[in-house]
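Student: What shape does this take:
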Amino acid sequence: MVPEPTNKTTRTHPNGQPLRLVKAWLPVDLVRRLDRTILDSNGAYADRTEFLIEAINDRLDEDANVESAADISDPRANKAQATPIAHETYEVANGRLTDAEVESVQFGDWLDADSEPPTLPTAEGPAFNFGLHNRDLPTLWAFDWLCRLVLRLGEPIAWAEFEAEILPRAWAMGRVLRQRDLSGDHPIKLVAGFPTNLKKREATERRFMAHFVTALSGSGPTGPLFVFRMIGSEKTRDELRLAPSLSGLEVFKALIGADLSTFTPFPQEAWLVFASHLRGRAPEELQGWLRVMGLVAEQPTRDELVKRCDWWSGSAADTNTMSYVARGREWGLVEPKLDSGRYRLTAFGQEIVQGEEKS
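Tutor: This next block holds a predicted model:
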């Protein structure tokens, strides 16, 4: 709870920073969506102020494509310089990473094993990802760990056990990627989507699972792994168990074969593999994404782009459009930086959009 004001104009945030009252006129549908999200967050957000502070910080970081100094959780992070390294050779300026950090960055190495993880039939899921899912690296990383854990067990893993196993590793991965970001060698923020805010650990973990992995809701499992049709699920007694789907396993193998790694933007060949999978398994997700990319080809400003995406109503146009733009950058379709306030496709992105227009 925010402390009572010491005078009529000053309040103090729980982190000690002074607060200033800022009045703004917001669209009614945006306020309603804001309030629904707060109510549905199960305590992740205390009130509108807390939600808006996080949302504004996230947007400023995204637009500037830099790390917010106020959100540095690891005291080593402002000194450590990550080097582009692979597997067991991770080093930082002030020493080796912890075993947990080294383990967290393993990506696809289980494919060298003599056996493969068991699979389940592809589960149904939502047709689209929406605004709060603005990176695919955390999702593909989580799928990698799902395969690894199921392979170790030799059978599908209980959802609760999967969550308990993946969350500590997600925090470790967040620390590693934050260090990489601070090296300044990457045009796209790598840590986005991974949990880093230790001050709100439980809420941060809930958002990571819901928006980048999978979550349980009254209507069934949700989240991008289900949207991408990369996962299967089965109900045994009172327990939901998860495993990769056969199509998910196949596309992940192909992505690793196309040199997918934890560095972005991803290779062009990886996009072709992923888009082919979506075209066959999640066509509505791919169509919505490419529709936005087609408008980015016209080099719009942010406001122009959002207005053109009028198939979404109200504020959904802003959140969903910016999500696809951010993911377009991650896959090498959209230039990392604005050019005089305008979005631009990369040369590869232009090839993809022109190919779609001809097909």
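Student: part of a strand, is Asp310?
Tutor: No - counting by DSSP: H, G, I helix; E, B strand; the rest coil, Asp310 falls outside a strand, being coil.
Student: element containing the nearest residue to it once chain neighbours are set aside, please.
Tutor: Excluding the flanking residues, the one nearest Asp310 by C-beta to C-beta, 6 or more residues apart in numbering is Ala317, at 6.6 Å. From N, CA and C alone the C-beta is placed, and that goes for glycine too. Per DSSP states H and E: Ala317 is located in helix 316-330.
Student: Which strands or helices does that helix pack on?
Tutor: helix 283-296, helix 302-308 (3 or more C-beta pairs under 8 Å, 6 or more residues apart in numbering; DSSP states H and E).
Student: For Leu225, find the nearest of these.
Tutor: helix 283-296 (12.2 Å; C-beta to C-beta).
Student: tell me the mean pLDDT for the closest one?
Tutor: For helix 283-296, mean pLDDT is 96.
Student: And that helix, how far out from the chain middle?
Tutor: 18 Å (C-alpha atoms, centre = their mean, to the nearest Å).
Student: repeat for stretch 145-157
Tutor: 22 Å.
Student: average pLDDT for it?
Tutor: Mean predicted confidence for stretch 145-157 is 96.
Student: what do you get for stretch 114-123?
Tutor: Rounded mean pLDDT across stretch 114-123 is 93.
Student: Could you give the separation of it from the chain centroid?
Tutor: The answer for stretch 114-123 is 24 Å, by C-alpha atoms, centre = their mean.
Student: List the buried residues in it.
Tutor: 117-120, 122-123 (16 or more other C-beta atoms under 10 Å).
Student: Equivalent analysis for stretch 238-247, please.
Tutor: So for stretch 238-247, counting by 16+ other C-beta under 10 Å, buried means 240-245, 247.
Student: Need the distance between the two termini of it.
Tutor: Stretch 238-247 has an end-to-end distance of 27 Å (C-alpha to C-alpha, to the nearest Å).
Student: Over to stretch 184-200?
Tutor: For stretch 184-200, the end-to-end distance is 27 Å (C-alpha to C-alpha).
Student: Show only the entries of the buried residues of stretch 238-247 found in strands.
Tutor: Taking DSSP state E as the definition of strands, the buried residues of stretch 238-247 contribute 240-244.
Student: how is this structure carved up into domains?
Tutor: 80-262, 282-359 (automatic domain parsing).
Student: I'd like a version of these in JSON lines, one that adds distance to Arg33 as further columns.
Tutor: Shown next, in JSON lines, are these (distance: least, C-beta to C-beta, whole Å):
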{"stretch": "domain 80-262", "distance to Arg33": "10"}
{"stretch": "domain 282-359", "distance to Arg33": "6"}
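Student: looking at the ones you listed, which one has the lowest mean pLDDT?
Tutor: domain 80-262 (a mean of 85).
Student: buried residues in the helix or strand hosting Thr37?
Tutor: Per DSSP H and E, Thr37 falls inside helix 28-40. By 16+ other C-beta under 10 Å, the buried positions in helix 28-40 come out as 34, 38.
Student: what's that helix packed up against?
Tutor: Right, helix 28-40 is packed against helix 48-64 by 3+ C-beta pairs under 8 Å, 6+ apart.
Student: any chance you could map the strands in the stretch 1-150 of the chain?
Tutor: Using DSSP state E, counting those that start in this stretch, the strands found in the stretch 1-150 of the chain span residues 11-12, 18-19, 91-92, 95-96.
Student: was I right about Gly294 contacting Glu357?
Tutor: Yes - shown here, Gly294 and Glu357 form a contact pair, counting by C-beta atoms under 8 Å, at 7.3 Å.
Student: Comparing these two, which residue is more hemmed in?
Tutor: Gly294 (16 against 10; other C-beta atoms under 10 Å).
Student: The most centrally placed residue in the chain - nearest residue in space that isn't next to it in sequence?
Tutor: Nearest to the mean C-alpha position of the chain, by C-alpha atoms, centre = their mean, lies Arg135 at 3.4 Å. Once flanking residues are discounted, Arg135 sits nearest to Gly193: 3.9 Å by C-beta to C-beta, 6+ apart.
Student: ok, how many other residues are close to the one you found?
Tutor: Neighbour tally, Gly193, other C-beta under 10 Å: 27.
Student: got it, and the one 4 residues further on?
Tutor: For Asn197, the neighbour count with other C-beta under 10 Å is 15.
Student: can you check the one 10 residues further on too?
Tutor: Look at Arg207: counted by other C-beta under 10 Å, it has 20 neighbours.
Student: biggest helix in the protein by residues?
Tutor: In the chain, taking DSSP state H as the definition, the longest helix is helix 159-182.
Student: Now distance to Leu255 too, for the helices and strands packed on helix 316-330, in TSV please.
Tutor: Converted to TSV, those look like this (distance: least, C-beta to C-beta, whole Å):
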stretch	distance to Leu255
helix 283-296	15
helix 302-308	28
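Student: pretty sure Leu345 contacts Leu333?
Tutor: Yes - using C-beta under 8 Å, Leu345 is in contact with Leu333, at 6.2 Å.
Student: residues shared between the contacts of these two?
Tutor: Met293 (C-beta atoms under 8 Å, 6 or more residues apart in numbering).
Student: out of those two, which sits in the busier spot?
Tutor: Using other C-beta under 10 Å as the criterion, Leu345 and Leu333 rank with Leu333 on top: 29 against 22.
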